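# here you go, sequence then predicted model.
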Amino acid sequence: MRKQDFALEIASDPSLLGVVRNLVRSYLLDAGFTSERVDELVLGVDEACTNAIRHGCKGLPDDTFRVVFRSVDGWMEIQLEDSGEPAPPEAFARDDAPAPANADDLRPGGLGLHLIHEVFDAVEFCPGAIEGNCVTMKLRLPKKN
Amino acid sequence: MGLEIEVVDRGEWRILTARGEVDLNSSPDLRNAVLAALKGKGPVGVDLSEASYMDSSGVATLVEGLKSASGRKQTFSLIQPSRAVMKVLELARLDSLFDIRDSVETE
């Protein structure tokens, strides 16, 4: 069982997000997910990368973050590692607050994490990360015919 | 990839059309265009029929536009949001927050 299918080391630059989305889309379609499922998963990965760029890399454009893709025991795992200030594990917990009733209720910044929790089957804060933040987004692989 | 923004006045409406992908890279341009369009007194519509992708930074821009407009009792509508835009709004549970139209009535 190999450790990973592939890993990306990406400069903390928002202009690269489109390239990452295309690559992830390609990988997920090949894994057999439906087009609609792929769309929402690409969104989830994009949100995680956006968080890494915004919060994980201390705003320095020459910093990088890493995304590792692996499939294990019927699950696909997408693990994102950055070198920013480690956030406490609660920061990755799902916010179960009810949907905002109007625009005034909307908390800025929390939406990306909410979307990540919505689209992935499991989201885990990686234990034992040496430095920075590490989040693993998991999804059940579709059964192949 | 990338985002193209066009602004036209149609009757009393200012229509902002966003074509392409709205993400962390391009949403600042959308934000600037939305806030500039709102400086006029009339209703503002954001045509999202050709927005092929939108993430939370794009949604935040739309929410900011709505809040700004609401404060001035100014109409701010989304026009024919694409499937991609509706999907992210639904996931964010914000789809019922916005005034969504197929078109704007003009003289």
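Structure received.
# just how off-centre is stretch B:6-26 within its chain?
Distance of stretch B:6-26 from its chain centroid, counting by CA atoms, centre = their mean, to the nearest Å, is 7 Å.
# actually stretch B:59-75, sorry about that
For stretch B:59-75, the distance to the chain centre is 10 Å (CA atoms, centre = their mean).
# average model confidence for stretch A:10-22?
The average pLDDT within stretch A:10-22 is 95.
# flag every residue of chain B that's near chain A.
Proximity of chain B to chain A, by CB under 8 Å from any CB of the partner chain, involves residues B:1-2, B:21, B:23-25, B:53, B:55-57, B:59-60, B:63, B:66-67, B:70, B:84, B:87-88, B:91-94, B:97. (C-beta placed from N, C-alpha, C; glycine too.)
# ok, what's across the strand from the residue nearest in space to the middle of chain B?
Taking CA atoms, centre = their mean, the centroid of chain B lies closest to residue B:46, which sits 3.4 Å from it. Beta-bridge partners recorded for residue B:46 (DSSP bridges): residue B:16, residue B:78.
# returning to what we had before: which of the residues of chain B next to chain A are buried?
B:21, B:23-25, B:53, B:55-57, B:59-60, B:63, B:66, B:84, B:87-88, B:91-92, B:94, B:97 (16 or more other CB atoms under 10 Å in any protein chain shown).
# in helices, which of those appear?
B:56, B:57, B:59, B:60, B:63, B:66, B:84, B:87, B:88, B:91 (DSSP state H).
# shouldn't the residue nearest to the centre of chain B be in contact with residue B:18?
Yes - using CB atoms under 8 Å, residue B:46 and residue B:18 qualify as a contacting pair, with a distance of 6.6 Å.
# mind listing the strands for chain A?
A:6-11, A:64-72, A:75-81, A:122-125, A:134-140 (DSSP state E).
# and the second one, which strands flank it?
Looking at strand A:64-72 with DSSP bridges, its partner strands are strand A:6-11 (antiparallel), strand A:75-81 (antiparallel).
# who are the packing partners of the top helix by length along chain A?
Across chain A, the longest stretch assigned as helix under DSSP H is helix A:35-51. Helices and strands touching helix A:35-51, by 3 or more CB pairs under 8 Å, 6 or more residues apart in numbering or on different chains; DSSP states H and E, are helix A:17-30, strand A:64-72, strand A:75-81, helix A:111-119, strand A:134-140, helix B:56-71, helix B:83-91.
# with mean neighbour count added, can I get the strands of chain A in TSV?
Formatted as TSV, these follow (neighbours: other CB atoms under 10 Å in any protein chain shown):
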stretch	mean neighbour count
strand A:6-11	14
strand A:64-72	18
strand A:75-81	20
strand A:122-125	16
strand A:134-140	19
